[in-house]
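Engineer: Any chance you can model this:
(one chain, ligands or ions: 1)
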Amino acid sequence: MSRRRRTGDHFARRAKKEHYPARSIYKLEEIDRRVGLFKPGHIVLDLGAAPGSWTLFAAEKVGRKGRVVAVDRAPLTISLPDNAVAIEADALTCDPDVLMAETSGNGFNAVISDMAPKTSGHRFVDQSRSFSLFCRALEIAAIALRHNGKFVGKIFQGEDFEVARDRVRALFSKARVIRPVSVRSESYEIYLVGLGRR
Ligand SMILES: C[S@@+](CC[C@H](N)C(=O)[O-])C[C@H]1O[C@@H](n2cnc3c(N)ncnc32)[C@H](O)[C@@H]1O
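Structural biologist: Residues are numbered from 1 along each chain as shown. Reported below is the predicted structural model:
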């Protein structure tokens, strides 16, 4: 068994022990540790939030004075803390103004997207769907982020990757590419991070 595979098992066990519904928590935790995403009082938009690990982590980080708006086309079945709200919606078609209303029109401090398509087994099809979800997350971020806000978006690495990175560079003063240690070795997912919404 490879070292990466043992590591993956470790993260799944740890998530269970720490009462998170998915091991993906440790991807966001690493990104936050490396770039400093959240501060107490922040308002965060979490796209593709189910089953809810990122929502729980972000809600802990922003604290009682902050707020997390969790969007997924699937229902979030976990019980959420008081500073988080779930909206069942398709991010590809939902109206960003409805999301903005959750911030009383002031906008979000961070937009984070872990959205992923149902995999078809055809790598190019999955990459292209992932690219569409990534671009939609960035489009929502362009509308809904405050000045200086932050962005995290998952994308399956493929031929569109450079286009995605250029779009992040155009919207933010700094762009980072992060592949967290907890990403499974066989996965070609990666995260593009934008810091400082222009
Ligand atoms: C990898 S899971 C997210 C895991 C989550 N970050 C967590 O920590 O629990 C990807 C999610 O993206 C959602 N998703 C995919 N396409 C979507 C869309 N068009 N609109 C909203 N959610 C979508 C899926 O329903 C799925 O729940």
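
Engineer: list the contacts for the nearest residue to I25 once chain neighbours are set aside?
Structural biologist: In space, I25 comes closest to S53 once its chain neighbours are excluded; the distance is 3.9 Å by CB to CB, 6 or more residues apart in numbering. Bear in mind the C-beta positions are built from the backbone N, C-alpha and C, glycine included. Neighbour list for S53: 15, 20-25, 28 [criterion: CB atoms under 8 Å, 6 or more residues apart in numbering].

Engineer: let's go with 6 Å and repeat that
Structural biologist: The neighbours of S53, taking CB atoms under 6 Å, 6 or more residues apart in numbering as the test, are 20-22, 24-25.

Engineer: which of the residues you listed tops the neighbour count?
Structural biologist: Per-residue neighbour counts (other CB atoms under 10 Å) across the contacts of S53 peak at S24, which has 24 neighbours.

Engineer: what's the residue sitting nearest the centre point of the chain sitting at in phi/psi?
Structural biologist: In the chain, the residue lying closest to the centroid (CA atoms, centre = their mean) is S113, at 2.6 Å. With angles defined as degrees, to the nearest 10, S113 sits at phi -130, psi 120.

Engineer: was I right about it contacting L47?
Structural biologist: Yes: with contact defined as CB atoms under 6 Å, S113 reaches L47; the gap is 4.0 Å.

Engineer: shared neighbours, the two?
Structural biologist: Jointly contacting S113 and L47 under the rule CB under 6 Å, 6+ apart are A137.

Engineer: for whichever strand or helix holds D126, packing partners?
Structural biologist: In this structure, D126 sits in helix 123-144 according to DSSP states H and E. Judged by 3 or more CB pairs under 6 Å, 6 or more residues apart in numbering; DSSP states H and E, helix 123-144 is in contact with helix 96-101, strand 108-113, strand 145-156, helix 161-171.

Engineer: residues in this protein within reach of the ligand, list them.
Structural biologist: Residues of the chain lying close to the ligand by CB under 6 Å from any ligand atom are 21-22, 24-25, 48-54, 71-74, 90-92, 114-116, 133.
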